[in-house]
Every structure is written in structure tokens, then in C-alpha cells.
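Colleague: Provided below are the primary sequence and the corresponding predicted coordinates.
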Amino acid sequence: KAGVTQTPRYLIKTRGQQVTLSCSPISGHRSVSWYQQTPGQGLQFLFEYFSETQRNKGNFPGRFSGRQFSNSRSEMNVSTLELGDSALYLCASSFVGGLGTEAFFGQGTRLTVV
Amino acid sequence: TQLLEQSPQFLSIQEGENLTVYCNSSSVFSSLQWYRQEPGEGPVLLVTVVTGGEVKKLKRLTFQFGDARKDSSLHITAAQPGDTGLYLCAGPNTGTASKLTFGTGTRLQVTL
């Protein structure tokens, strides 16, 4: 059974640019969540998609957005990149996405903004 | 806002030693999960505890959920270099259960 796949693994972007990250969840999982991980803030929840709808959202500015496709694959977009957006972006898929949900993470996309 | 505090923040021990990592909150969680993350990789789920007072064992790792479901601990017996990594506890938010709150993390290094 294939795990969660995130692409690309590494990205270097310039301030002001935008970036799109992709996540393919485990087959059969309909919930996809995105997290940002930095040394200073740890793992912070960005948003969750379930059946193509955003179900939950964290406390991030509107520059961070996402979507989910009918095959459960998800993308997140960051516009007008800032240096502080440099982080490991993690995608997690879950079977149900409800109480007691267990999240299975991808390897992440390491984004560096210069 | 539900917060999870982990202690210690860093731990460097020698192979064969025992250790305990703590995860504490002032809030009640319906369940807590423990993950281990290695550098450059995503967190890997180790265990989920659901019932207050529950104890789960995974080889040399013992996980306990507090009776009041506000805290949890991870005990490693006879640590090995392969146990090195970042240990994270996480729990679902009340009302938005699919959103996980992660602990501050404990970075463990086990040397020969």
C-alpha cells in the first residue's frame, strides 16, 4: 500500500513569488491536512480538506490556500512568498478525519525562500 | 486554545539507558497520539491512546494516558541509537477533531 506522496521534496523560491505543493494521500483516504513545521513554532495546522471541501482552517494569512480534487489529491499554494515562509510543509492523510483520527504523513516539501 | 507542552525539550543519553518523555496539557483530550520524526522526514505514528489510564506497549516503548486525559508519557527502556529522533505528542481539537494540535516536541539523541 503506497504511502502519502508529496512533491516536490525541495524547492527554492524568491521573495514575492508563489509556489504550489502537491500531496497524494493514501488510497481510500479522503481527508488531507497540511501542516507547517519550523524550528521556532513546531508543527502548525494550516487547513484540512475532506471530499473537496475545506473543513478546517488554521491561523495563517490568506496567502496560504489549498484545494482538493475528486481523487483526493490536494494542492496548497502560497502567494507572495516571504522569508518567514521557509519551512517544511507536511501533508497528512486520514481515513475518516474525525475523532481519534490517525494521521499518516508524507516526507514533506522543504521550501526555502531567499 | 488547547496546548500540549512536552518535557524535556532535549535529551542526550547513552545506549542502554532508560528515559521518560512527558506531554502535558490543561485541557482534556479525547485521545493522544505519539509520533517520531527523523530529520528530513515526516512524523511517523507510533501509537494512539484513547482511554484514561490506558497503557500501551510497543516493544521497548511504553505509552501511558493520564487518568484525566490531560497528560501522557512515553517511556523507553534500554534506549538504542535507532531511537534517535524528534518525539511529538498530538491530540485532536475539541469541536474540530480532525485538526491535530502537536506538542512542542522532545529531541532525543542516543549515542553508543
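Modeller: Thanks, I have the structure now. Numbering: from 1, shown residues only, chains lettered A, B, ... in the order given.

Colleague: spit out the contact partners of A:Thr109.
Modeller: Going by Cβ atoms under 8 Å, 6 or more residues apart in numbering or on different chains, A:Thr109 touches A:6-11, A:21, A:88-89. For the C-beta atoms, the positions are set from N, CA and C on the backbone; glycine is no exception.

Colleague: over to B:Thr20?
Modeller: Shown in contact with B:Thr20 (Cβ under 8 Å, 6+ apart): B:73-76.

Colleague: what mean pLDDT does whichever strand or helix holds it have?
Modeller: Element membership of B:Thr20, judged by DSSP states H and E, is strand B:19-24. When pLDDT is averaged over strand B:19-24, the result is 98.

Colleague: tell me which residues of that strand come out buried.
Modeller: B:19, B:21-24 (16 or more other Cβ atoms under 10 Å in any protein chain shown).

Colleague: could you tell me which of the contacts of B:Thr20 are located in helices?
Modeller: When DSSP state H is applied, the contacts of B:Thr20 are split such that none fall in helices.

Colleague: what about those, which one has the most neighbours?
Modeller: Neighbour tally across the contacts of B:Thr20 (other Cβ atoms under 10 Å in any protein chain shown): the maximum, 23 neighbours, falls on B:Leu74.

Colleague: ok, and the closest non-adjacent residue to whichever residue of chain B sits closest to chain A?
Modeller: Per Cβ to the nearest Cβ, B:Gly42 is where chain B lies closest to chain A, at 3.3 Å. Spatial nearest neighbour of B:Gly42, chain neighbours left out: A:Phe105 (3.3 Å); criterion: Cβ to Cβ, 6 or more residues apart in numbering or on different chains.

Colleague: how about the residues of chain A by chain B?
Modeller: A:4, A:6, A:31, A:33, A:35, A:42-45, A:48, A:50, A:55-56, A:58, A:90, A:92, A:94, A:97-108, A:110 (Cβ under 8 Å from any Cβ of the partner chain).

Colleague: buried among those residues? Need that as a selection in PyMOL.
Modeller: Selecting only the buried entries of the residues of chain A next to chain B in PyMOL, with 16+ other Cβ under 10 Å as the criterion:
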select buried, chain A and resi 4+6+31+33+35+42+43+44+45+48+50+55+56+90+92+94+97+101+102+103+104+105+106+107+108+110
